[in-house]
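S.K.: everything below, folded, please.
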Amino acid sequence: MSYSEQLLDAIEQQDFSQEKILLKKALENDKPEILASLAENLVGLGFSDLAKEIYRSLIARFPQEDLFKIYLAEILLNDGKDDDGLTLLYNIAPDSSSYLDSLLVQADYYQTNGLVETAYRKLLEAEKIAPDEDVVKFGLAELDYLSGNYERALNRYQDLIKRHKTFSEVNLNDRLFQTLAKLGRYEEAGEIIAKNGNDILDIDSKYQAALVMLTLHKDDQAIKYLNEVIDQSPDYVNAYRLLTTAYEHKNNIEQELRSAQAGIAYNELDPVLYKKGAQAAIKLNELDTAENLLKKGIKNIPENFDLRIQLSNLYVAENKNEENIALFAKIDDEDLEPQVHWNLALSYQNLDQSAKAKSEFLLAYPEFKNNSAFLKQMIRFFNTEPNAKDIVSELLNSYLKLEPEDTEMQELYDELRA
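M.R.: All right, here's what the predicted structure looks like:
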């Protein structure tokens, strides 16, 4: 048994008392190919410091064997010793048989560190050396996809998939349908998903598949993938938003509400889930549920004004006038939207606070002067106010241009003109 084998056996038995001695004997006695295999095994076992010693020894003995420099450089880069690792890689000459491997390691390093353009240049140089090398094509395809160059990425993936189903543990069909989706070619993306749906194992790919199916209005398929995502990872919060949308499309209001509530349990900061959940609850006439959802949303996301307006609309519908007014009591008037002024006008009117109602109607008017529902409510309010005949006539004139068939308002208009 070689000293290299003895060292590996000792490590597997968690006997580290002799590792330095055995390593020294291995370096002195074992053949280079055995040492190279030992170093590779040590890296796999997580003993990169021992592997570095072996590679340094091999480099000293075989200075022209650049592959050992690449292996050492990879370890150094993983250890955060970037300058030392890159120096080894850059010192490998273009005429070396290992130059292509050096470029691939450099490209991986630069991509990992967010220097995508530099990584891409390294791969383009590698492509000139080995135009038929699939690992280079795959690297370029991934960077094209990452950079938004989807047409180029698509061509590369389509070429690779002729020879590979997966590459570097990446399902190429997943990449293909996602690239097509990015290009807006949803029908083609959907066809690939339909043919290869059972092979989609990656949770993010399932989510993307659901997005495509939702876009194609294939809601049952979208729901299938989304439920698989949630089964795999219940805290995959984005899936719940899509799931509520899919159930909304199917008019399955109960499941829409339940999906929104489940999503909120994992993410209390998603305003869409509160909005959709409350809408579904209202359709189910579960008004208390809708109110509680919106209150919780406002508490957790106080800056989201849409939820506040949604609750205000609910309060107006339920004739909860004091609650509606209190909802905006601590907000400056200049920050209130026109819909709020409209809602407040109705609440003040219901509470017989006509001065405040009048003010709120007038503040809302510029935004809703072409909205027949608003105008009708404003007409009815001002028609009960003293000295408001001219205002009511003007409002009626505007309203009847929008709703000329409204006989009630036409009769009121005629009475005022008589």
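S.K.: OK, contacts around the residue positioned nearest the centre of the chain?
M.R.: Nearest to the mean C-alpha position of the chain, counting by Cα atoms, centre = their mean, stands Asn238 at 6.8 Å. Residues in contact with Asn238 (Cβ atoms under 8 Å, 6 or more residues apart in numbering) are Tyr207. For the C-beta atoms, the positions are set from N, CA and C on the backbone; glycine is no exception.
S.K.: now do the strand or helix carrying it, average pLDDT.
M.R.: Element membership for Asn238, per DSSP states H and E: helix 237-249. Averaged over helix 237-249, pLDDT sits at 96.
S.K.: who's in contact with the following helix or strand past that helix?
M.R.: Moving toward the C-terminus from helix 237-249, the next helix or strand (DSSP H and E) is helix 253-266. When contacts are defined by Cβ under 8 Å, 6+ apart, helix 253-266 is touched by residues 230, 234-235, 237, 239-241, 243-244, 247-248, 270, 273-274, 276-277, 280-281, 283-284, 286, 289, 293, 296.
S.K.: circling back: now the helix holding Asn238 against helix 253-266, angle please.
M.R.: For helix 237-249 against helix 253-266, the angle by axes from the mean of the first three to the mean of the last three Cα atoms, to 10 degrees is 170 degrees.
S.K.: mind checking how far helix 237-249 is from the chain centre?
M.R.: 14 Å (Cα atoms, centre = their mean, to the nearest Å).
S.K.: next: stretch 180-200.
M.R.: For stretch 180-200, the distance to the chain centre is 18 Å (Cα atoms, centre = their mean).
S.K.: got the end-to-end distance for that stretch?
M.R.: 16 Å (Cα to Cα, to the nearest Å).
S.K.: residues of it that come out buried?
M.R.: 180-182, 185-186, 188-190, 192-193, 196-197, 200 (16 or more other Cβ atoms under 10 Å).
S.K.: mind listing which of these are in helices?
M.R.: 180-182, 186, 188-190, 192-193, 196 (DSSP state H).
S.K.: what segments of the stretch 101-250 of the chain are helices?
M.R.: When secondary structure is read from DSSP state H, counting those that start in this stretch, the stretch 101-250 of the chain shows helices at 116-129, 134-147, 150-160, 172-182, 186-196, 203-215, 219-232, 237-249.
S.K.: domain parsing of the chain, as residue ranges.
M.R.: 132-199, 202-303 (automatic domain parsing).
S.K.: which one of these lies nearest to Asp66?
M.R.: Smallest distance to Asp66 across the domains of the chain (Cβ to Cβ): 17.6 Å, for domain 132-199.
S.K.: Ile59 and Leu77, how far apart?
M.R.: Separation of Ile59 from Leu77 (Cβ to Cβ, to the nearest Å) stands at 16 Å.
S.K.: brain fart, Leu176
M.R.: In terms of Cβ to Cβ, Leu176 sits 31 Å off from Leu77.
S.K.: likewise Asp83?
M.R.: 10 Å.
S.K.: which one of those two has more residues nearby?
M.R.: Here Asp83 and Leu77 are compared on neighbour count by other Cβ atoms under 10 Å; more neighbours surround Leu77, at 22 against 9.
S.K.: per-residue confidence for that one?
M.R.: Leu77 is given a pLDDT of 94.
S.K.: not counting its neighbours along the chain, what's nearest it?
M.R.: The shortest distance from Leu77 to any non-neighbouring residue, by Cβ to Cβ, 6 or more residues apart in numbering, is to Gly85 (3.9 Å).
S.K.: contact partners for the one you found?
M.R.: Per Cβ under 8 Å, 6+ apart, neighbours of Gly85: 72-77, 109.
S.K.: burial count for Phe206?
M.R.: Let me fix one detail, which is that residue 206 is Lys and not Phe. 24.
S.K.: what does whichever strand or helix holds Asp390 contact?
M.R.: Asp390 is part of helix 389-402 when elements are defined by DSSP H and E. Identification of contacts with helix 389-402 by Cβ under 8 Å, 6+ apart yields 369-370, 372, 375-376, 378-379, 382-383, 406, 409-410, 412-413, 416-417.
S.K.: what mean pLDDT does it get?
M.R.: pLDDT averaged over helix 389-402 gives 93.
S.K.: chain center to that helix, what's the gap?
M.R.: 49 Å.
S.K.: past it, which element shows up next along the chain?
M.R.: helix 407-417.
S.K.: export the ones in helices among the buried residues of stretch 180-200 to CSV and tack on distance to Lys356 and pLDDT?
M.R.: Shown next, in CSV, are those (distance: Cβ to Cβ, whole Å; pLDDT from 0 to 100):
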residue, distance to Lys356, pLDDT
Leu180, 57, 96
Ala181, 52, 95
Lys182, 52, 95
Tyr186, 51, 96
Glu188, 59, 95
Ala189, 55, 95
Gly190, 55, 95
Ile192, 60, 93
Ile193, 57, 93
Asn196, 63, 86
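S.K.: returning to that earlier point: closest to Ser37 out of the helices of the stretch 101-250 of the chain?
M.R.: It is, among the helices of the stretch 101-250 of the chain and with distance given as Cβ to Cβ, helix 134-147, at 22.2 Å.
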